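**Student:** Starting from these lines, generate the structure:
(chains A and B)
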Amino acid sequence: MLDIKLIRENPGLVKAELAKVGVEGDELDRVLETDARRRKLQFELDELRSHRARESKELGKASPEVRDHKRAEMRALGDRITAGERDLTELESQSENFLLTLPNLPRPHVPVGKSDADNKIVRTVGAPQEFTSFKPLPHWELGERLGIIDFDRGVKIAGTRFHFLIGAGARLERALIAWMLDIKTQEQGYLEVAPPLMVNTAAVTGSAHLPKFADTMYRDFEEDFYFIPTAEVPLTNMYAHEIIDAARLPIYLAAYTPCFRREKMSAGRDVRGIKRGHQFDKVEMVKLVHPEQSDEELENLVEDACEICRRLEIPYRVIQMCTGDLGFAAASKYDVEMWAPGCAEWLEVSSCSNCWDFQARRAQIRFRAEKGGKPEFVHTLNGSGLGMPRTLISLLETYQNEDGSITIPPVLRPYMGGMDRISKA
RNA sequence: GGAGAGGUGGCCGAGCCCGGUUUAAGGCGCACGCCUGGAACGCGUGUAAACUCGAAAGGGUUUCGGGGGUUCGAAUCCCCCCCUCUCCGCCA
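**Tutor:** Now for the predicted structure:
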């Protein structure tokens, strides 16, 4: 959420920045008008309430005659206050509801652009390998031939975009998760967390997935539960409505969780293989940091994601999102893409965002810089480290052999009970 | 799911029956000052957040789990909801 004070004091700037992310700021004038009315009403109401408190106290001490005499007058005052409170609540929720629909503003260094076509390739590490003796297969063929991915039975019991991982396939994913978490916790300084996979409306609003993305999430309509679309939601909200001691910052959190997405927006896209399912596993990183650190922390976060690609020895590249492709909550964002030779494309395995104070303001995550100082909003960052299905795709396709077997990357062998190759059972 | 007990400031805890005398007692913690060679003890002072008016100094309002109601006036009375604990039931 944007700071209403920033909009109030600098509407021109906010409009210009919103234009960069493709949002017309025309409605800003309306919210400013609402805000002005709200403040005026707030002041008037405060005066009335102050008056009532004093008078009521006097009335308590007054004689019964005086009391009866003034009662009608006070009653009218009470009615005015009640009416004013109703109006104030209405104005507040109007402003609030509007502010909740505005996206974050981009950082100044983010390249201005309209769509993903304007994104910038920051660097490419490793070159896509040449397959000279045979043509690399896509993972759906490899997986089915090896019997480690079963699409038909996934569809049978759940529907399209579901699959089974079986035997060494399931084991391989579990190995990836354990290995990634070990790197996060033992080398990169993250605290491992196993969060709830279902969260309430407040949490999903705090992370800015509501109100805008309501139709992309699964939910329980009877009980105010949303199935998390990413662990970013529970991790970012972990410290909601808290004032964190500055000495505890930065907070680095890592979690493995399944993620649930309706993928309504992408109906018909990426239907082949395991690239885009309704449910997928992911290791997620979240950082809560001092505002002055967040730009630098984002760079480190991207590196923490890239480290996984490096150790798997799979070519990857880092893409800087332009203003038009930042998404709703990010002020700055990088994607990490891994090369998948079978389907011959770069796959987004990580998306790393600096959300600035956008989520912190929604979720009221604050810290106190010094004793007695005013609480300030932290900055929140999140990034995948990494998403399983696409990492699995790259891995299977990269490490495939001519006979259809898969070589297990050396770093994962300890997590596979020493197995060095997946062959047809 | 049923029954009972609860939810009060950073923490503990009184107030609720019986509405106004509370500026939410008292304690702990924390900060500062005095005391001390230095500390402990002791003494004193202070100790939330949000909104809002104001150039500032400073002022006003709201918040006793959340919402609604009664009332001139609600932490206190009434209704609904949420959460915690104890016991019972059911269940992986």
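**Student:** I'd assumed residue A:349 was in a strand, is it?
**Tutor:** Yes: counting by DSSP: H, G, I helix; E, B strand; the rest coil, residue A:349 is found in a strand.
**Student:** Would you tell me which residues of the stretch 251-400 of chain A are close to RNA strand B?
**Tutor:** By CB under 7 Å from any atom of the strand, the residues of the stretch 251-400 of chain A that approach RNA strand B are A:371, A:374-375. Placement of C-beta: from N, CA and C, glycine included.
**Student:** Let's see that with 10 Å instead.
**Tutor:** Applying CB under 10 Å from any atom of the strand, we find that the stretch 251-400 of chain A lies next to RNA strand B at A:361, A:364, A:366, A:368, A:371-377.
**Student:** I'd like to know how far residue A:166 sits from residue A:405.
**Tutor:** 16 Å (CB to CB, to the nearest Å).
**Student:** Can you pull the phi/psi pair for residue A:419?
**Tutor:** Main-chain dihedrals, residue A:419, degrees, to the nearest 10: phi -60, psi 140.
**Student:** For it, list the residues it contacts.
**Tutor:** A:168, A:171, A:408, A:413 (CB atoms under 8 Å, 6 or more residues apart in numbering).
**Student:** Show me which of those are buried.
**Tutor:** A:168, A:171, A:408 (16 or more other CB atoms under 10 Å).
**Student:** Out of those residues, flag the one nearest to RNA strand B.
**Tutor:** Comparing the buried ones among the contacts of residue A:419 against RNA strand B with CB to the nearest atom of the strand places residue A:171 closest, at 23.0 Å.
**Student:** Would you indicate which residues of stretch A:347-365 are buried?
**Tutor:** Neighbour-count burial for stretch A:347-365 [16+ other CB under 10 Å]: A:347-365.
**Student:** In helices, which of those residues appear?
**Tutor:** Taking DSSP state H as the definition of helices, the buried residues of stretch A:347-365 contribute A:358-363.
**Student:** which SS class is the residue of chain A found nearest RNA strand B?
**Tutor:** Residue nearest to RNA strand B within chain A (CB to the nearest atom of the strand): residue A:60, separated by 2.8 Å. Following three-state DSSP, residue A:60 is assigned to helix.
**Student:** How many neighbouring residues does it have?
**Tutor:** 8 (other CB atoms under 10 Å).
**Student:** Same list (the buried ones among the contacts of residue A:419) but as TSV, adding pLDDT.
**Tutor:** Below are the buried ones among the contacts of residue A:419 laid out as TSV (pLDDT from 0 to 100):
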residue	pLDDT
A:168	96
A:171	97
A:408	98
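**Student:** how about the residues of the stretch 51-200 of chain A near RNA strand B?
**Tutor:** A:51-62, A:64, A:67-68, A:70-79, A:81-82, A:85-86, A:88-89, A:92, A:95, A:200.
**Student:** Which of these are buried, as a PyMOL select command?
**Tutor:** Only the buried entries of these go into this PyMOL selection, using 16+ other CB under 10 Å:
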select buried, chain A and resi 52+70+77+81+88+95
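**Student:** Among the residues of the stretch 51-200 of chain A next to RNA strand B, name the ones in helices.
**Tutor:** A:51-61, A:64, A:67-68, A:70-79, A:81-82, A:85-86, A:88-89, A:92, A:95.
**Student:** Spell out, range by range, the helices that occur in chain A.
**Tutor:** Using DSSP H, helices in chain A cover A:4-9, A:11-20, A:28-61, A:64-99, A:139-146, A:151-157, A:168-186, A:201-206, A:232-237, A:294-312, A:358-363, A:388-398.
**Student:** Determine which stretch of the ones you listed is the most buried.
**Tutor:** helix A:232-237 (a mean of 28; mean count of other CB atoms under 10 Å).
**Student:** That one and RNA strand B in contact?
**Tutor:** No: judged by CB under 10 Å from any atom of the strand, helix A:232-237 makes no contact with RNA strand B; its nearest approach is 15.4 Å.
**Student:** List the contacts of that helix.
**Tutor:** Counting by CB under 8 Å, 6+ apart, A:193, A:195-197, A:199, A:202-204, A:206-207, A:209, A:226, A:228, A:253, A:255, A:257, A:284, A:286, A:288, A:355, A:359, A:363, A:365, A:380, A:382 sit against helix A:232-237.
**Student:** Check the offset of it from the chain's centre.
**Tutor:** 7 Å (CA atoms, centre = their mean, to the nearest Å).
**Student:** Can I get it in PDB, CA atoms only?
**Tutor:** C-alpha atoms of helix A:232-237 as PDB (Å, rounded to 0.1, in the frame of the first residue of the first chain):
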ATOM      1  CA  GLU A 232       5.800 -15.500   0.700                       C
ATOM      2  CA  VAL A 233       2.400 -15.000   2.300                       C
ATOM      3  CA  PRO A 234       2.900 -16.800   5.600                       C
ATOM      4  CA  LEU A 235       6.500 -15.800   5.900                       C
ATOM      5  CA  THR A 236       6.000 -12.100   5.200                       C
ATOM      6  CA  ASN A 237       3.000 -12.000   7.500                       C
END
